[in-house]
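Enquirer: Need a 3D model of the sequence below.
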Amino acid sequence: MLALVSSDKPPHVELSEVREPHPGPDEALVSVHAISLNRGEVRRLAMMGPGTVTGWDVAGEVREQAADGSGPPQGARVVGLKPAGGWAQLAAVGTELLAELPDGISYEQAATLPVAGLTALRSLEIAGWVLGKRVLVTGASGGVGRFAIQLAKLGGAHVTALARRTEGLTGLGADAVCSELEPGGPNFDVVIDAVGGGTLGAALRCIAPEGIIVNFAATTDEPVSYPTRELFGRAPGARLYGLLLWHELQKMDASVDLRRLADLVAAGRLDPQIALTASWHSADEAIEALLARRVNGKAVLTVD
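Expert: I've put the predicted structure just below:
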């Protein structure tokens, strides 16, 4: 079968023949129709040995149901995620990480949901009840950020979006948009942070007492710095939570949560914000665009 594999030449990806996967008893064999690109996985390509198949997000059709009888049946339209191996014509996906799709959602839309959608959803679930609360989303123009804005708004929050490029974010439900945090600005009950560095340091200075900051990514190697008293003195009880999705999956029912997100998309209540759709034959161009931050939203490749 064909798969996208790591290579020596930038952007370190190429189509190549690889062996077909052999599913375990609790894995379904999925014929992949669409995959989503995430910065975390594409940045690792240069560090992988040539010929490695990576890829987290998959959407397609079940070719073979799991041998133990779990999960969606043969022929079902599905979405799922894997720690690696999704960028291929066929993927063996654990049924606990696989959800059947409703009518009204395309494979391309579904492929955006596993990593970006689940990260946004889990971040807000960790934060707790957001009805009437002030929520700040940093890195808001990215894939996770756009999901987080919409989900927080659906939860009844007042949402502030922080991003370098703020176009279109009010249309997603952001009540306010900004490109930097101003000293002496409003306090936030919840911060969903995708940036780290100086942005996380600034967020620590504007978190409300008993508030929570959920950090799940870093777009900079800049260290985080803030006056310590700004946290314990001004915002007693506030917390900083480090979220790694692969760890959080142990605490989630991913198949149920993926279906929840897919139902919202099918109902028109959640927009995956696909900014780039291309054939996987053009994966190198799509990856270069994503790494150069020319993609505001999600990038999706069709496996054609």
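
Enquirer: Make sure Leu4 is actually in contact with Gly86.
Expert: No. Leu4 is beyond contact range of Gly86, at 9.3 Å (criterion: CB atoms under 8 Å). To be clear about C-beta, it is placed using only N, CA and C from the backbone, and glycine gets the same treatment.

Enquirer: Could you name every residue contacting both of those two?
Expert: Here Leu4 and Gly86 have Thr54, Gly55 as joint contacts, going by CB atoms under 8 Å, 6 or more residues apart in numbering.

Enquirer: and the spatially most central residue of the chain, what is it in contact with?
Expert: Centroid-nearest residue in the chain, with CA atoms, centre = their mean: Ala116, separated by 1.3 Å. Counting by CB under 8 Å, 6+ apart, Ala116 makes contact with Ser36, Asn38, Asp57, Gly143, Val144, Phe147, Lys298.

Enquirer: Try it again at 6 Å.
Expert: Gly143, Val144, Phe147 (CB atoms under 6 Å, 6 or more residues apart in numbering).

Enquirer: ok so the second one is a strand residue?
Expert: So that's Val144. No. Counting by DSSP: H, G, I helix; E, B strand; the rest coil, Val144 falls outside a strand, being helix.

Enquirer: give me the number of residues near it?
Expert: Neighbour count of Val144, defined by other CB atoms under 10 Å: 26.

Enquirer: If I follow the layout properly, it ends up in contact with Leu121?
Expert: No. When contacts are counted by CB atoms under 6 Å, Val144 is not listed as touching Leu121 (9.8 Å).

Enquirer: wait, Ala152 sits on Val135?
Expert: Yes. Using CB under 6 Å, Ala152 makes contact with Val135 at a distance of 4.5 Å.

Enquirer: Could you list the single helix or strand in the protein with the lowest mean pLDDT?
Expert: The helix or strand of the chain with the lowest confidence, counting by mean pLDDT, DSSP states H and E, is helix 229-232 at a mean of 87.

Enquirer: send the alpha carbons of that one over as PDB?
Expert: Only the C-alpha atoms of helix 229-232 are listed here, as PDB (Å, rounded to 0.1, in the frame of the first residue of the first chain):
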ATOM      1  CA  ARG A 229       3.500  37.300  43.800                       C
ATOM      2  CA  GLU A 230       1.300  38.000  40.700                       C
ATOM      3  CA  LEU A 231       0.100  34.400  41.100                       C
ATOM      4  CA  PHE A 232      -0.200  33.500  44.800                       C
END
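
Enquirer: This completes my enquiry, with thanks.
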